[in-house]
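# Sequence and predicted model, in that order:
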Amino acid sequence: MALIVQKYGGSSVGNVERIKRVAKNISNTRSQGNQMVVVVSAVADTTDELISLAKQINPKPSSREMDMLLATGEQVSIALLAMALEAINVPVISFTGPQVGIITDNVHTKARIKQINTEKIEGELAKDKVVIVAGFQGKTIDDEITTLGRGGSDTTAVALAAALKADLCEIYTDVEGVFTTDPRIVPKASKLDRITYDEMLELATLGAKVLHPRSVELAKLYDVKLCVRSSFVNKEGTFVVKNQLIEKDLVVTGLAYDLNVAKIGVFDVPDEPGIASKIFDGLAVANINVDMIVQSAMRNNINDIAFTVPKDDLDKALQIVEEIGKEIGASEITHADDLAKVSIVGAGMISSPGVAAKMFHILAENNINIEMISTSEIKVSCIIKSNEVEKAIQALHDGFELDKINS
Ligand code: ADP
Ligand code: ASP
Ligand code: MG
């Protein structure tokens, strides 16, 4: 008997018909003799609607109360899915994250899972029940409700699969698998049969929403067999695997874009040890992720520093940087949020010189200005204006011939 963890995203449980269809899929998998743990997201746009409701009441709500609110979305969908299974006579029980012992740190709205107590789930599985668990949520050791960051239900599923030593973790979503880029922007994007954990981690971190970055990290760490597939069509999806032979001279495997990018500039700071550390320590203490950092060439012992943070954190980051800016004597602090990051990813890049140059060339040919650049062994990212993202992704997809990847 295999233990399978399945996760269904928001659009997969978007209406009554879809919830019934998911129940049928669960019932079919179970009747093939499998034990099942099922993680569900909030119904379709629920989380967005709750955020918008909160902001109408208080533009800067505390993150604790935000978690209290957002965790309700998944509580609705677990109960509805359990009812749909009851209706077709499948023994089932649903639990919230806190109820089932998903313990996180105390960083509200972007908590990380620290530990999962599996006894409760194992007890119900032993009673032959399908166990449904609310995605995206947990609790601290002090019983405070937390959420894992947008898209975090994937992470709940993979963390449960790891803790329960499941045989397979299937992520059911509204596309047929992982594509060379977002198929909504490039309709001729190719579906990948397999992608390595490292490539998937880069794509997810760089903005490909299809998997939450932390879920890929955990899958890699705990060797979880992970697959992304469609809720709507019964086709084999994409397997996320350890190693992949680099076939057909595949240098670039995928493209990602991220619109959640803002830039902060700090001007005329003294060129002396400790300045960068002051700025970035302050942001780290506030749990703000700094991404790209550029320090201009020093002139007359004076530097400019620019860096990017998630747009969601811009207000908080500016407050901190303005404080520190006064302390270190910066002449001006600027910010911009009409930006986006486009990235190319591929494990084969490491041994192929000229890939970054080709990316810059394609962007230049399309008159797209690059504001910042960063590279690693398997990716190159550029910050551009957000209104040029679609043009950039289309041009890069064509330029790197990604539509030919599986042919
Ligand atoms: P769910 O609600 O099922 O978790 P998400 O909206 O979080 O679904 O993720 C699926 C979406 O990710 C797709 O609808 C697609 O628009 C987007 N996406 C972005 N990049 C990719 C990619 N490389 N491959 C597949 N989907 C992608
Ligand atoms: N409901 C949450 C969100 O919309 C978590 C998830 O869907 O994975 O971000
Ligand atoms: Mg998602």
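Yep, it's here. Ligands and ions are numbered 1, 2, ... in the order given.
# What about the one residue in the stretch 151-300 of the chain that gets nearest to ligand 3, how many residues nearby?
Per CB to the ion, residue 151 is where the stretch 151-300 of the chain lies closest to ligand 3, at 4.0 Å. Yep, even glycine has a C-beta here, placed from its N, CA and C like the rest. Summarising burial for residue 151: neighbours were counted as other CB atoms under 10 Å, giving 21.
# Contacts only, for it.
Contacts for residue 151 (CB atoms under 8 Å, 6 or more residues apart in numbering) come out as 209, 211, 212.
# got it, and residue 236?
When contacts are counted by CB under 8 Å, 6+ apart, residue 236 is found next to 177, 193, 229.
# what's the spacing between it and residue 230?
Counting by CB to CB, to the nearest Å, the gap from residue 236 to residue 230 is 10 Å.
# Residue 140 contacts residue 102, doesn't it?
No - with contact defined as CB atoms under 8 Å, residue 140 and residue 102 do not form a contacting pair (10.6 Å).
# between these two, which one's more packed in?
Comparing residue 140 with residue 102 by other CB under 10 Å, the one with more neighbours is residue 102, at 28 against 17.
# so what's the more buried one bridging to?
Beta-bridge partners recorded for residue 102 (DSSP bridges): residue 116.
# how much space between it and residue 258?
Using CB to CB, we find residue 102 at a distance of 27 Å from residue 258.
# again with residue 385
If you go by CB to CB, the gap between residue 385 and residue 258 works out to 13 Å.
# which neighbours do residue 236 and residue 230 share?
Shared contacts of residue 236 and residue 230, defined by CB under 8 Å, 6+ apart, comprise residue 177.
# now the helices: where do they sit in this structure?
Secondary structure of the chain (DSSP state H): helices at 16-31, 46-57, 63-87, 119-126, 153-163, 197-205, 213-221, 275-285, 314-328, 355-365, 389-399.
# which helices and strands sit right next to the first one?
Same thing as helix 16-31. Helix 16-31 sits against strand 3-8, strand 35-40, helix 63-87, with contacts defined as 3 or more CB pairs under 8 Å, 6 or more residues apart in numbering; DSSP states H and E.
# ok, which residues in this structure are in contact with ligand 2?
Applying CB under 6 Å from any ligand atom, one finds that the chain approaches ligand 2 through 9, 10, 41, 42, 47, 73, 135, 136, 150, 151, 152, 153.
# Mind naming the longest strand for this structure?
Among the segments of the chain that qualify as a strand by DSSP state E, the longest is strand 254-270.
# by contact count, what packs against it?
Helices and strands touching strand 254-270, as assessed by 3+ CB pairs under 8 Å, 6+ apart, comprise helix 197-205, strand 302-309, helix 314-328, strand 332-345, helix 389-399.
# just these: most buried one?
Neighbour counts (mean count of other CB atoms under 10 Å) averaged over each of the helices and strands packed on strand 254-270 peak at helix 197-205, with a mean of 24.
# so does that helix get close to ligand 3?
No - against ligand 3, helix 197-205 shows no contacts by CB under 5 Å from the ion, the least distance being 10.0 Å.
# how distant is that helix from the center of its chain?
Centroid displacement of helix 197-205 relative to its chain, using CA atoms, centre = their mean, to the nearest Å, is 10 Å.
# With stretch 285-305 instead?
Distance of stretch 285-305 from its chain centroid, counting by CA atoms, centre = their mean, is 26 Å.
# Please apply the same query to stretch 14-32.
When C-alpha coordinates are averaged (CA atoms, centre = their mean), stretch 14-32 and its chain have centres 25 Å apart.
# and if you look at stretch 345-364?
When C-alpha coordinates are averaged (CA atoms, centre = their mean), stretch 345-364 and its chain have centres 24 Å apart.
# With stretch 378-398 instead?
With CA atoms, centre = their mean as the basis, the mean position of stretch 378-398 lies at 19 Å from the chain mean.
# mean confidence score for that stretch?
Across stretch 378-398, the average pLDDT comes to 97.
# Help me see whether it makes contact with ligand 1, please.
No - under the criterion of CB under 6 Å from any ligand atom, stretch 378-398 makes no contact with ligand 1; the nearest approach is 9.8 Å.
# now the end-to-end length of that stretch.
According to CA to CA, to the nearest Å, stretch 378-398 extends 20 Å from its N-terminal end residue to its C-terminal end residue.
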